[in-house]
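Asks: predicted coordinates and the sequence they were generated for:
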Protein chains: 4
Amino acid sequence: MEEAHLAPSVRVPRQGRSKASYERMLVAAEELLVTKGGEAFTLSEVSRLGQVSIGSIYCRFESKDALVQSVQLRVLDRVDTRMLTQVVAAREAAGSLLAIVPLLVEAVAETLREHAPLLRPLMQRATHDPIVAQTGKASYASTAAAVRSALLAHRAEIRQDDPERAVDSCFRVLYAAIARYLGFGSAKEAAWEGRWDVLKQDLGRMLAAFLMMPSA
Amino acid sequence: MEEAHLAPSVRVPRQGRSKASYERMLVAAEELLVTKGGEAFTLSEVSRLGQVSIGSIYCRFESKDALVQSVQLRVLDRVDTRMLTQVVAAREAAGSLLAIVPLLVEAVAETLREHAPLLRPLMQRATHDPIVAQTGKASYASTAAAVRSALLAHRAEIRQDDPERAVDSCFRVLYAAIARYLGFGSAKEAAWEGRWDVLKQDLGRMLAAFLMMPSA
Amino acid sequence: MEEAHLAPSVRVPRQGRSKASYERMLVAAEELLVTKGGEAFTLSEVSRLGQVSIGSIYCRFESKDALVQSVQLRVLDRVDTRMLTQVVAAREAAGSLLAIVPLLVEAVAETLREHAPLLRPLMQRATHDPIVAQTGKASYASTAAAVRSALLAHRAEIRQDDPERAVDSCFRVLYAAIARYLGFGSAKEAAWEGRWDVLKQDLGRMLAAFLMMPSA
Amino acid sequence: MEEAHLAPSVRVPRQGRSKASYERMLVAAEELLVTKGGEAFTLSEVSRLGQVSIGSIYCRFESKDALVQSVQLRVLDRVDTRMLTQVVAAREAAGSLLAIVPLLVEAVAETLREHAPLLRPLMQRATHDPIVAQTGKASYASTAAAVRSALLAHRAEIRQDDPERAVDSCFRVLYAAIARYLGFGSAKEAAWEGRWDVLKQDLGRMLAAFLMMPSA
DNA sequence: TATGAATGAGTATTCATTCAT
DNA sequence: GATGAATGAATACTCATTCAT
């Protein structure tokens, strides 16, 4: 991740005491993001829940937005790490394109689902906050790269004329379908409710069929 | 659409003068929804832009939310009509499953794209406003029904074990991919930018490959 | 009652149709005064409940206050009539001071109690509206005169030095105690709850004891 | 007074600066309650008169109502203290029922009169605000207890069958007559104007006559 | 005369941000 | 550094009154 570009204006303390209260701010903000939703949480709530004064928050963060951006950085760090691990595992477990597709679907779907409670409100904020939007895109791009490369490891089996493009389309469709199911940006109105398994299965079949189908 | 259930508390005037200012409110609200985004438009702005007093707005609409809900009803009415027309046209133009799939992708994609500037902020509001969410879902369901039925008209060509389910998955994936591209709920950060044609084409191929692939 | 001085600016129609809608305004206002309380009723509610347009109300009454004042005039007319009847009845039924005192207490107490639901909100409005206050005082004065005269009919039995003053004090105390019990002006927080009979009885004893006690 | 139950949500500051502005809010609110009346004072006025920002008010008080409730608590504290002192003084100064009655009338009457300018608007608000009503009742009850007990100290001289009841009725009548005179809840339309002394004197005689009169 | 749509000043309340201590 | 009291602009909403039709 391009932390240099995207890092919000923060002073990260090194000492124990400071570090601890800094931690509490971020944890409190994270929790409130989940419970109150992306827009409806206030700095007083962060102050109360995190046992930190409002002044302290402004000591570390330039603004409320900067605080949220820092939370996002932490969250996406966990998500990206997990995602990478899962994708790599899928890559190692599978010997063929047919085998790896459902594993990748599973990896992406489950990783996003695990972190949905935080990704949802962050996506919401991306609407207003271009920095959150950009950071989100960076994380998306890193996942995209991992998944594309895992698929391209079986390039020989791909029968589409332009394997790069095909693999790219696969990831976009996969991510979009999962994200919509999980209500990212929209709400927690899961379009599918109990059919999570069906979605994953059919998504796998769809991508496999596509990749293995001759272009013509 | 279940207007009876979802219609916000509105008094729709019939007379010329009244009708005109009523119209101006809705048009102003629509415009502000597009320019300011779903959350950041105020009633004073509607009042100013629409040349209507705030009291007048409250004369027609119970609340700010009710105004937005009315805008949504108008917009979705246009969207649903257009969508249905396009899907029916696709249905009539195509003689086979292979032919209809890209036409349906085109129909859905272009209809959503035409109305994206308004659908985007409305999706955004769906996050907070359950009525907007429900109305949105109803519109989604009506499109889903039309597309599924158009596909099932070629049921004989579908080689998946469970054609209903397959067709359902197709629509979900199709809608999710297009909506994400158009930034519904997320922002106007189109993930793909110039690759609109690629998305539509590959989506078509994917769905066709899936439907015509034997389940086993 | 000094209608000349206190009558609000009203045009009372004589014709059938007009008269009927005029009536409906007053009835609706009366009902809302009772159900919503003295301050919390709007002219739109009167318009709705009375099946009269707001314009019609302003056609008859100069202002919302004038409407309430007219309601008050009607209500106090009923109250005064009833009160006078009851006081006269007491006067005719009793042959002695000792006999008439409890009858007068009963007359005043029950008449006020019957009309409490309307008198309460009107008293409340008297706080802000000097005309309502003055009209209320006039009604109070007319009751006072009747009660005082009924007591002074037994002047010979009054042992206080100044019978006029004594009788005056009696009425004031009587009225105050009953009005407070009924929550006039204060709320419907009856101070005594179930002890209505006790209040009336002890009030009677108190007044009798006072009137028949030698001044010294 | 049951401060625990009735205390509005307030943060009372201890430091000098804070304490000062906190004080200014309450003083300003008190003053406006007196000059504008219970209903017609706004927070902007409090802000202006008290030289405090609106935000500051909301920093201390949950709502406008909570501010008024706090003012009430302060006022009733003064009233209750003064009342108790006066009643105790009367009790100690008098050796007989006949002697204490006018002293108690005097104590109650003068204490309420001193604080009438504030008690009047507070009574007014009790109409809408149940907490103000309840707090008012609590203060009333504490005065009632003190007066009843002072009278019952001369129980032997009371010739009514049920001294507790008699003493109770006495207080109710006393309080009602004084409160009505002072225009509590009604307006500042003192019914008696210059006859304050007459009211007090006759009230005293009335109560004494009642208490010392044999029940039969 | 009757109508009821239109007006708009006015109210309570919120909350990110600042700054004196 | 840390605190949290203070700020005040901004927002949704109300309702008596007016006036064009």
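Replies: Arrived safely, thanks for sending. Numbers count the residues shown, from 1 in each chain, chains lettered A, B, ... in the order given.
Asks: what's the burial count for the residue of chain A found nearest chain D?
Replies: Closest contact between chain A and chain D, by CB to the nearest CB, is at A:S44 (10.3 Å). Where C-beta positions appear, they are placed from N, C-alpha and C, glycine not excepted. Counted with other CB atoms under 10 Å in any protein chain shown, residues neighbouring A:S44 total 9.
Asks: look at the residue lying closest to it once chain neighbours are set aside and say how many residues are nearby.
Replies: Among residues not flanking A:S44 along the chain, A:I54 sits closest, at 6.8 Å (CB to CB, 6 or more residues apart in numbering or on different chains). Using other CB under 10 Å, A:I54 has 13 other residues around it.
Asks: before we move on, what about A:L97?
Replies: A:L97 is flanked by 20 other residues according to other CB under 10 Å.
Asks: now the closest residue to A:L32 other than its chain neighbours: how far from chain C?
Replies: Nearest residue to A:L32 in three dimensions, chain neighbours excluded: A:F41, at 4.0 Å (CB to CB, 6+ apart). Counting by CB to the nearest CB, to the nearest Å, the gap from A:F41 to chain C is 35 Å.
Asks: hmm, A:E30 and A:F41 touching each other?
Replies: No. A:F41 is beyond contact range of A:E30, at 10.3 Å (criterion: CB atoms under 8 Å).
Asks: burial count for A:M213?
Replies: Using other CB under 10 Å: A:M213 sits among 19 other residues.
Asks: the closest residue to it other than its chain neighbours sits in which helix or strand?
Replies: Nearest residue to A:M213 in three dimensions, chain neighbours excluded: B:A209, at 4.3 Å (CB to CB, 6+ apart). Under the criterion of DSSP states H and E, B:A209 resides in helix B:196-212.
Asks: quick one: contacts of that helix?
Replies: By CB atoms under 8 Å, 6 or more residues apart in numbering or on different chains, the list of residues contacting helix B:196-212 from outside reads A:165-166, A:169-170, A:172-173, A:202, A:205-207, A:209-210, A:212-213, B:97-98, B:101-102, B:105-106, B:109, B:113, B:151, B:157-160, B:166-167, B:169-170, B:173-174, B:177-178, B:181, B:192.
Asks: could you say what helices and strands the helix or strand that contains A:E30 packs with?
Replies: Per DSSP H and E, A:E30 falls inside helix A:16-36. Contacts defined by 3 or more CB pairs under 8 Å, 6 or more residues apart in numbering or on different chains; DSSP states H and E place helix A:16-36 against helix A:43-50, helix A:54-60, helix A:64-93, helix A:116-126.
Asks: most packed of these?
Replies: Among the helices and strands packed on helix A:16-36, helix A:116-126 has the highest mean neighbour count (mean count of other CB atoms under 10 Å in any protein chain shown), at a mean of 23.
Asks: ok, it near chain B or not?
Replies: Yes. With CB under 8 Å from any CB of the partner chain as the criterion, chain B is reached by helix A:116-126 at A:M123, A:Q124, A:A126.
Asks: just the CA coordinates of the next helix or strand after that helix, formatted as PDB?
Replies: Following helix A:116-126 in sequence order, the next helix or strand is helix A:130-152 (DSSP H and E). Backbone C-alpha positions of helix A:130-152 (Å, rounded to 0.1, in the frame of the first residue of the first chain) are rendered in PDB as follows:
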ATOM      1  CA  PRO A 130     -11.800  11.100  -1.400                       C
ATOM      2  CA  ILE A 131      -8.900  10.000   0.700                       C
ATOM      3  CA  VAL A 132     -10.900   7.100   2.100                       C
ATOM      4  CA  ALA A 133     -12.000   6.300  -1.500                       C
ATOM      5  CA  GLN A 134      -8.400   6.300  -2.800                       C
ATOM      6  CA  THR A 135      -7.100   4.200   0.000                       C
ATOM      7  CA  GLY A 136      -9.900   1.700  -0.600                       C
ATOM      8  CA  LYS A 137      -9.000   1.600  -4.200                       C
ATOM      9  CA  ALA A 138      -5.400   0.900  -3.400                       C
ATOM     10  CA  SER A 139      -6.400  -2.100  -1.300                       C
ATOM     11  CA  TYR A 140      -8.700  -3.300  -4.000                       C
ATOM     12  CA  ALA A 141      -5.900  -3.000  -6.500                       C
ATOM     13  CA  SER A 142      -3.600  -5.100  -4.300                       C
ATOM     14  CA  THR A 143      -6.100  -7.800  -4.000                       C
ATOM     15  CA  ALA A 144      -6.800  -7.600  -7.700                       C
ATOM     16  CA  ALA A 145      -3.100  -8.100  -8.400                       C
ATOM     17  CA  ALA A 146      -2.900 -11.200  -6.200                       C
ATOM     18  CA  VAL A 147      -5.900 -12.800  -7.700                       C
ATOM     19  CA  ARG A 148      -5.000 -12.000 -11.200                       C
ATOM     20  CA  SER A 149      -1.500 -13.400 -10.800                       C
ATOM     21  CA  ALA A 150      -2.900 -16.600  -9.200                       C
ATOM     22  CA  LEU A 151      -5.200 -17.100 -12.100                       C
ATOM     23  CA  LEU A 152      -2.500 -16.300 -14.600                       C
END
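Asks: helix A:130-152 and DNA strand E, are they touching?
Replies: No. On the criterion CB under 7 Å from any atom of the strand, helix A:130-152 is out of touch with DNA strand E, staying 13.2 Å away.
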